[in-house]
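A.B. asks: Coordinates for the following, if possible.
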Amino acid sequence: MKPFAIPLLVLSLFPVVAGVAQESPAGNQASETTFHTSSDLVLVDVIALKNGLPDKSLKRDDFQVFDNGHPVSIKTFDSGAQFTTRPLVLWFVVQCNMRGYEAKGSGLFTGQISRFQPALTYVDHQDRVAVAHWCDNGQSKLDLPPTKNVDEVVTAVEQVLVPGPDTKDHGRAGELALQQTLQHIVDTTRGSRPEPLPVLIFLYGDYSSMDKSEADHFIGELLETSAIAFGIRDRRTPHIWFAPGEQKEIAHYIATQTGGEYFDATPETYAAALEKILQQLHFRYQLGFKPEALDGKRHKLDVKLTDSAKDQHKGVRLRFRAAYVPTRHEK
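C.D. replies: Model (predicted):
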């Protein structure tokens, strides 16, 4: 299959500032937490890792943000360790289980989704979960709207992965179906106030490719949210080694460009991979800056540590999205 791809998902500008009551870490008292989401701000989610684990000790003055190579002032700073980053919607995205294609898509996860259950207990009480899928026959569907009922994920994904009919054509219909699924997720995100951080978690082998020029054409058309993509690939899935003139392993590419990560796992380590994803998300940093103009053009994004922070936090590596597009959404 060659599913539809988006090489760079773009940041959006958020329409409101919302104060949300959040339970304290001890669970005894409620504290007021402000999630900075403003139509005048671009919010950049940054994952800082040292030796594979989140570094929770960074401060606002440790970061530098660059818009098309020009330094910009950080207007807001939020830290997951301080419980001030905005909530998540975790979208579990799978390809339907097609006979003869099980090892190349999402079929190897069939009957194994309950293995993720231990990691799902780490979903924060303010976060939501959702499920969506696409098929190579052109089907696209949101199977589980965002909900706080985490237990519904296992049932919803397993229902999608019930073996279906043999689909001989793994080409254009599947590309358009994935495109439509991603657009459904974007539309659902924009309909939420305040907008959460949408996180796509592909449970997908990613034996896929897509024409680079066509993929690039859809960047500005679809995802103008601050989505981060992750993925979990069963190690038994074959790799696609060559895709002349095309971008191979589309879901991996989306994850790289949005600041996420793709994990190889076995059924025994499915939960550990998901736990790593949740850990990175919950201890991320959220930097807000004001763009000079809402020009609707793609801007290269860069985030660095200051020289003094590099000396103090040796070995820390940052991950963030590669680009954003400054646009204002109508309220």
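
A.B. asks: Select the longest helix from the chain.
C.D. replies: Counting residues, the longest helix found in the chain (DSSP state H) is helix 172-190.

A.B. asks: Provide the strand pairings for the helix or strand following that helix, with the direction of each partner.
C.D. replies: For helix 172-190, the following helix or strand on the C-terminal side (DSSP states H and E) is strand 197-203. Using DSSP bridges, the strands paired with strand 197-203 in its sheet are strand 88-95 (parallel), strand 228-234 (parallel).

A.B. asks: now the angle from strand 197-203 to helix 172-190?
C.D. replies: 150 degrees (axes from the mean of the first three to the mean of the last three C-alpha atoms, to 10 degrees).

A.B. asks: from the chain's centre, how far out does stretch 131-138 sit?
C.D. replies: How far stretch 131-138 lies from its chain's middle: 18 Å, per C-alpha atoms, centre = their mean, to the nearest Å.

A.B. asks: Can you list the low-confidence ranges for the stretch 1-150 of the chain?
C.D. replies: Counting by pLDDT under 70, the ranges of the stretch 1-150 of the chain that qualify are 1-39.

A.B. asks: can you pull out the helices in it?
C.D. replies: 117-120 (DSSP state H, counting those that start in this stretch).

A.B. asks: And the strands in it, which stretches?
C.D. replies: 18-23, 30-35, 42-50, 53-54, 63-67, 70-72, 74-79, 88-95, 128-134, 140-147 (DSSP state E, counting those that start in this stretch).

A.B. asks: Including distance to Ser192, could the ones you listed go into JSON lines?
C.D. replies: Just so you know, the C-beta spots here come from the backbone N, C-alpha and C atoms, and that holds for glycine as well. Below are the strands of the stretch 1-150 of the chain laid out as JSON lines (distance: least, C-beta to C-beta, whole Å):
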{"stretch": "strand 18-23", "distance to Ser192": "11"}
{"stretch": "strand 30-35", "distance to Ser192": "12"}
{"stretch": "strand 42-50", "distance to Ser192": "15"}
{"stretch": "strand 53-54", "distance to Ser192": "26"}
{"stretch": "strand 63-67", "distance to Ser192": "25"}
{"stretch": "strand 70-72", "distance to Ser192": "27"}
{"stretch": "strand 74-79", "distance to Ser192": "18"}
{"stretch": "strand 88-95", "distance to Ser192": "8"}
{"stretch": "strand 128-134", "distance to Ser192": "9"}
{"stretch": "strand 140-147", "distance to Ser192": "8"}
